Structure formats: C-alpha cells, structure tokens
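Participant: My questions are about this predicted structure, shown below with the sequence.
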Amino acid sequence: MSDTQTYQFNVKMTCGGCSGAVTKALTKLKEGGGISDFDVSLEKQEVIVHGTAPYETVLEKIKKTGKQVRDSPCC
C-alpha cells in the first residue's frame, strides 16, 4: 500500500468558475481513488491535495483545467 502524500499547488484562479473547474477535476480523481481529500482556496490561490496519486498525475489534472500552476514544490 502506498503512503499518503500531501501536495501544495499555487494555482492562478481569478473567480469562482476557476476554483470550480479545479474542484470538479479533483473530484473526478478522488472518485477514481487517487486522492483521499483536497482543498481549493480561491482566496489563497492554493490547492492542497492528500492522497496516493503521483504528484505528476495531480499536476496534470489541474493543468488540464487551463489554470496556470505557479512554482509548486514537488513532493
């Protein structure tokens, strides 16, 4: 069994639609079993993800929403 990781992403989000798109993408990943929990903060421009999915998988899910991920430290 893989260890649970916590990843923090600095994501450029300008409105509720932006944070909603990220939330929707991460909800799909959560339903697939890759992540256990996540928090999307429009105010902080931050996404925190807890789970066993690889960093790159989560990063790609966020990028596919069209949102810019800025200077997110890996692992």
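Facilitator: Okay, I see it.

Participant: Might one say that Arg47 is in contact with Ile62?
Facilitator: To be clear, residue 47 is Val; Arg isn't right here. Yes: look at Val47 against Ile62 with Cβ atoms under 8 Å: they come within range, at 6.4 Å. For every residue, glycine as well, the C-beta is placed using N, CA and C.

Participant: Find the residues that touch each one of those two.
Facilitator: Phe9, Val11, Val22, Leu26 (Cβ atoms under 8 Å, 6 or more residues apart in numbering).

Participant: bridging residues for the first one?
Facilitator: Phe9 has the following beta-bridge partners by DSSP bridges: Val47.

Participant: Quick check: it touching Leu59?
Facilitator: Yes: contact criterion Cβ under 8 Å: Phe9 and Leu59 qualify, at 7.1 Å.

Participant: what about Gly34, distance to Glu43?
Facilitator: Separation of Gly34 from Glu43 (Cβ to Cβ, to the nearest Å) stands at 26 Å.

Participant: State the phi and psi torsions of Lys24.
Facilitator: Here is the backbone geometry of Lys24 (degrees, to the nearest 10): phi -60, psi -40.

Participant: Thr4 too?
Facilitator: Backbone torsions for Thr4, taken as degrees, to the nearest 10, come to phi -70, psi 130.

Participant: I appreciate the help and will end here.
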